[in-house]
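[1] what follows is a predicted structure for the sequence shown.
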Amino acid sequence: MTSVSTNPGGRSAPSTEGRFARIWRRNGAGYLFLLPWLVGFLGLTLGPTLASLYLSFTDYDLLTSPRWSGLKNYEYAAFYDRRLGKAIEVTFTYVLWSVPLKLTVALLLAMVLDRSVRGVAFYRATFYLPSLLGASVAIAVLWRQLFGADGLINQLLFFVTGIQGPAWITHPDYALSTLIVLAIWQFGSPMIIFLAGLRQVPQDLYEAASMDGASGWRQFWKITLPLLAPVIFFNLVLQTIEAFKAFTQAYIVSGGLGGPVDSTMFYSLYLYLEAFANFRMGYASALAWILLVIIAIFTAIAFGTSKYWVYYEDEQR
Amino acid sequence: MKALNESRATKVRRQVLRHFVLGFASILMIYPLLWMVMSSFKPDELIFSDPTALPTSFDLTSYFQGWFTFRESFTTFYMNSFIIAFFAVVGNLMACSMTAYAFARLEFRGRKIWFVLMLGTLMLPYHVTLVPQYVLFLKLGWVNTFLPLIVPKFLAVDAFFIFLMVQFFRGIPREIDEAAIMDGCGPWRIYWKIMLPLSTPVMATAAIFSFIWTYDDFLGPLIYLNDMSQYTVPLALRAFVDSSGGESLYGELFAMSTLSLVPVFIVFLAFQRLIIRGVALGALKR
């Protein structure tokens, strides 16, 4: 029906269709398909993002309309909020312990599992299962009991060593470490990514290295690790961001309060409590933006340093 | 000859060592889950007394009592969970595939900018939109309904799935849709009759993960669902933790926790290969 104007430029053809119709013909289908996402992006992502930036400069308790308070929220966060300091300390401790340990275990087992072992599929499934189930409330509930005063861990500890272990979950010195263990327990998904990466390492490199008498240790440092660097980088960034966002496990294990003595007060949990228990919506928005900046800084550091240690195969050295 | 024998012996030794390490790790990984399942069949007083013993009998009391612990039974909680998960899966598949099709195949003004913005939302932590979204849904009167948990899925807010599908659609040879255009197919028919049928692997992966993530979601229901008749399974389990200050509900707690893992476990058994490939794919197609 519009065959007249299909010639490029369309200038010589008499304009049988109006300007609007032409714009519609060129873009209409695309925007129709994009429409749901566009509504969601503007209404549920971009709009709320701007709104939360605005709210972060206000006092807002949901009942009365937001009152502009300038930088007060940020000042309070930076200089006065002791609990926030604790939350940041707890979260950083969690991130800096759980991510490296999780990735180390994942890489080690991926290497043991690589290729030649019989029953790879079984082991892979077994190791991955906790990653799939681990995000659930049920597992967090289980963890509370595992590390409880009479839980499985203490039963085994007593059985093997005769020592009566502490109540890990309710002890301020140990509660966070149970959550770190829970994170490490879910090493399966980075392990699968490592396995996929290991498959791409050419085997003849190892054969050549063996011929030259390089030890397994040397092969690991000189072949496996450098060639795996992009995958390690990917896992590192992904797991770090995930760890910063952790919420459910801390909520359940601490019974929703981040205790004992704020020792499991994850950043996300603190933000949730400020927003939905204390109804300080303005302050919670400021906390969200501070977290965004923290994550952005971590990501920037990762990307910034990556050129010194991550080489991609198609890259000239 | 001797060297060959030696290397063979070390190979065998290495294999044995590997299986030892792997077997030990497997037990370590699975034992907590086994403990939970076994405990769910035991009477309360035996749960914390013996870590190893198998239950002497399969006592289903905890399951029965757990199911009816609260004012509402777990029938309600499972119905709620499955209703929300069902609509989330349908919404995600429809909206994300439409968006992905637009980005992968259609020409329109501003496509590049929108695409970059879409990728940007991948990096945005959910915390930033949490409060304003809540205010929005509160003003709309949607709090204490399923709508805040379902409607966003129909608006393709899970950019991860869009990204996954764009990658897949780009891998489908363009000749196929060019031939269809020659035959007079419009974009809608190409999307519906060609792209979707050719994309079953990625659609299945997206369906599986959106089911699991929605079913496991805790923060969303925690914020938006206040009334027990609206509770999902994770919220109901949380109610156990709150109320188990009295030491009497452990059996029920274990039974209902075990049961709540069954749907995800079944999905895992049925689609293991797809799931594992999906996880690996996330990495290799950066």
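    It's in. Numbering: from 1, shown residues only, chains lettered A, B, ... in the order given.
[2] assign the residue in the stretch 1-150 of chain B positioned nearest to chain A to helix, strand or coil.
    When scored by Cβ to the nearest Cβ, the stretch 1-150 of chain B has B:Phe108 as its residue closest to chain A, at 2.9 Å. Backbone N, C-alpha and C define where each C-beta goes, glycine included. The assignment at B:Phe108 comes out as coil when based on DSSP: H, G, I helix; E, B strand; the rest coil.
[3] neighbours of it, just the number please.
    18 (other Cβ atoms under 10 Å in any protein chain shown).
[4] I figured it hits A:Leu34, correct?
    Yes: B:Phe108 is in contact with A:Leu34 according to Cβ atoms under 8 Å; the separation is 7.5 Å.
[5] ranges for the helices of the stretch 51-200 of chain B?
    B:61-67, B:74-105, B:111-123, B:127-139, B:147-154, B:159-171, B:174-182, B:187-189, B:196-198, B:200-216 (DSSP state H, counting those that start in this stretch).
[6] picking that back up, nearest residue to the residue of the stretch 1-150 of chain B closest to chain A other than its sequence neighbours?
    Take B:Phe108 and drop its neighbours on the chain: the residue closest to it by Cβ to Cβ, 6 or more residues apart in numbering or on different chains is A:Gly30, 2.9 Å away.
[7] assumed the one you found was part of a helix.
    Yes: counting by three-state DSSP, A:Gly30 is located in a helix.
[8] return the distance of it relative to B:Arg174.
    To B:Arg174, A:Gly30 is 16 Å away according to Cβ to Cβ, to the nearest Å.
[9] what's the answer for A:Phe187, then?
    40 Å.
[10] more neighbours: the two, which one.
    Neighbour totals were compared for A:Phe187 and B:Arg174, and A:Phe187 leads with 29 against 10 (other Cβ under 10 Å).
[11] I figured that one hits A:Leu107, correct?
    No: contact criterion Cβ under 8 Å: A:Phe187 and A:Leu107 do not qualify, at 9.1 Å.
[12] where does chain B have its least confident helix or strand?
    Here the helix or strand of chain B ranked lowest by mean pLDDT, DSSP states H and E is helix B:44-47, holding a mean of 74.
[13] scan chain B for its longest helix.
    Determined from DSSP state H, the single longest helix within chain B is helix B:2-40.
[14] need the helices of the stretch 51-200 of chain B in a markdown table (columns: mean pLDDT).
    Output for the helices of the stretch 51-200 of chain B, formatted as a markdown table (pLDDT from 0 to 100):
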| stretch | mean pLDDT |
| --- | --- |
| helix B:61-67 | 89 |
| helix B:74-105 | 97 |
| helix B:111-123 | 93 |
| helix B:127-139 | 96 |
| helix B:147-154 | 97 |
| helix B:159-171 | 92 |
| helix B:174-182 | 89 |
| helix B:187-189 | 91 |
| helix B:196-198 | 94 |
| helix B:200-216 | 94 |
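[15] for those helices, give me JSON lines that also has distance to A:Gly197.
    As requested, the helices of the stretch 51-200 of chain B are arranged in JSON lines below (distance: least, Cβ to Cβ, whole Å):
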{"stretch": "helix B:61-67", "distance to A:Gly197": "43"}
{"stretch": "helix B:74-105", "distance to A:Gly197": "26"}
{"stretch": "helix B:111-123", "distance to A:Gly197": "21"}
{"stretch": "helix B:127-139", "distance to A:Gly197": "31"}
{"stretch": "helix B:147-154", "distance to A:Gly197": "32"}
{"stretch": "helix B:159-171", "distance to A:Gly197": "18"}
{"stretch": "helix B:174-182", "distance to A:Gly197": "30"}
{"stretch": "helix B:187-189", "distance to A:Gly197": "37"}
{"stretch": "helix B:196-198", "distance to A:Gly197": "28"}
{"stretch": "helix B:200-216", "distance to A:Gly197": "19"}
